[in-house]
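# Got a sequence here, can you model it:
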Amino acid sequence: MKSLLLAGSILILGTVSCKKDNTVSHTSVPFLTGRSWKLDTITINPPATYDQLSPSDQRVYNLVLGWEKEATLRFNEDATVTCGGDWDFGYTKWRMIHDSADIEVLVSIGTKDTLFNWAADNQQFTYLRTFSPSFHCTMVYH
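Residues are numbered from 1 along each chain as shown. The predicted model follows:
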C-alpha cells in the first residue's frame, strides 16, 4: 500500500512539474541578426583549387559567381530570413543546429540547406557551403 501511495505521489508530482511550454522564443544572435549581409567573396576551400575542379564543378563555381554576386541575406530575430540583391536563395526560416555551430535554413520549395561553421562579427559574416561532394566554398558577406 505504501509503495502504491509513493508511486501515485511521484506520478502526480511529475505531471505537475513537467508542464509543457508551447511558447517559442527567439533571441538576437550577436552580429548575425538585425542587419543585411551582402555577398562579397566566394572562395574555394582547400585542398581543392579551381584548377583541380572537374570541368563540371568549374561550371558550377562560375555559375555561382555570376548568379549570387551581390546577393543579400538578413536573419531576422523572429527566425525568418529575407533574401535580396541579385539572387534569391529562397530561404524562408532559419535556426541554429549542432550546438549553434551551423545554421539550418528552410528553402521555400520545402528543402533545407545548412550553412556550416558560420561566424559573424561587426565586419563580416562567413559560412561554409557545399556545392558538390568534391568542393566546398567559403561565402564571405559584408
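# residues in contact with the most centrally placed residue in the chain?
Centroid-nearest residue in the chain, with C-alpha atoms, centre = their mean: residue 103, separated by 2.1 Å. Residues near residue 103 by C-beta atoms under 8 Å, 6 or more residues apart in numbering: 75, 94-97, 114-115, 118, 127. From N, CA and C alone the C-beta is placed, and that goes for glycine too.
# Drop anything exposed from the residues you listed.
Neighbour counting with 16 or more other C-beta atoms under 10 Å marks 75, 94, 114-115, 118, 127 as buried within the contacts of residue 103.
# contacts for stretch 62-73?
Against stretch 62-73 from outside (C-beta under 8 Å, 6+ apart): 36-39, 42, 81-89, 91, 125, 131, 137, 141.
# show me the contacts for residue 82.
36, 72-74, 76.
# Okay, the closest residue to residue 109 other than its chain neighbours and residue 102: tell me how far apart.
Spatially, and ignoring its direct neighbours in sequence, residue 109 is nearest to residue 90 (6.4 Å; C-beta to C-beta, 6 or more residues apart in numbering). Look at residue 90 and residue 102: by C-beta to C-beta, to the nearest Å, they are 18 Å apart.
# tally of neighbours for the residue nearest to residue 109?
Look at residue 90: counted by other C-beta atoms under 10 Å, it has 14 neighbours.
# For the helix or strand hosting residue 126, name the packing helices and strands.
For residue 126, the host element (DSSP states H and E) is strand 125-132. Packing contacts for strand 125-132, counted by 3 or more C-beta pairs under 8 Å, 6 or more residues apart in numbering; DSSP states H and E, involve helix 55-67, strand 112-120, strand 135-141.
# Run me through the strand neighbours of that strand, direction for each.
Note on strand 125-132: by DSSP bridges, its sheet partners are strand 112-120 (antiparallel), strand 135-141 (antiparallel).
# Using PyMOL, define a selection of the buried residues within the contacts of residue 82.
Restricted to buried positions by 16+ other C-beta under 10 Å, the PyMOL selection for these reads:
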select buried, resi 72+73+74
